[in-house]
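Visitor: Below is the sequence, then the predicted model.
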Amino acid sequence: SGGKIEILKWLFTWPLSFVLYFTVPNCNKPHLEKWFMVTFASSTLWIAAFSYMMVWMVRTNQSTHRSRGEATEMAFVGLEKHIENCMASLIVARQGMGDMAVSNSIGSNVFDILIGLGLPWALQTLAVNYGS
């Protein structure tokens, strides 16, 4: 039964893995080491796309059931982000790199504040409502 679950898990995740394989360069390969900024940018864009789709799905569900819930949307986005960071920290901690796990948790919060809050705020101030 464990093998069947693994096969189902592979079938479920295969389309996403296929797309990510071709859109996010693997910097662990020696010939792609210099592509780290492309990897960072494409990963960030994928996270934004997944977050947008998740919020859209929650909103669709809420409109179907006639409920309001901006807090629910933000909770789902926050939960998604923290689960992702937790899994990354667990993986590197199990590999014996505790300092990397700590820097991941601190760095992700710094990234959230500087890019997640700062970039939309800067765009609002500079492009949408100048000087606001």
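Guide: Perfect, thanks for sending it.
Visitor: longest single helix anywhere in this protein?
Guide: helix 36-64 (DSSP state H).
Visitor: quick one: pLDDT of residue 53?
Guide: pLDDT recorded at residue 53 is 82.
Visitor: any idea how far it is from residue 79?
Guide: Going from residue 53 to residue 79 by CB to CB, to the nearest Å gives 15 Å. Yep, even glycine has a C-beta here, placed from its N, CA and C like the rest.
Visitor: Could you list the buried residues of the longest helix of the chain?
Guide: For helix 36-64, the neighbour count (16 or more other CB atoms under 10 Å) marks 39, 51, 55, 58 as buried.
Visitor: What about residue 97, how many residues nearby?
Guide: By other CB atoms under 10 Å, 14 other residues sit near residue 97.
Visitor: just use 15 as the starting number from now, easier for me
Guide: New numbering, starting at 15: the last item is residue 111.
Visitor: if I pick the closest residue to residue 37 other than its chain neighbours, what's in contact with it?
Guide: Residue nearest to residue 37 in three dimensions, not counting chain neighbours: residue 56, with 5.7 Å by CB to CB, 6 or more residues apart in numbering. When contacts are counted by CB atoms under 8 Å, 6 or more residues apart in numbering, residue 56 is found next to 37-39.
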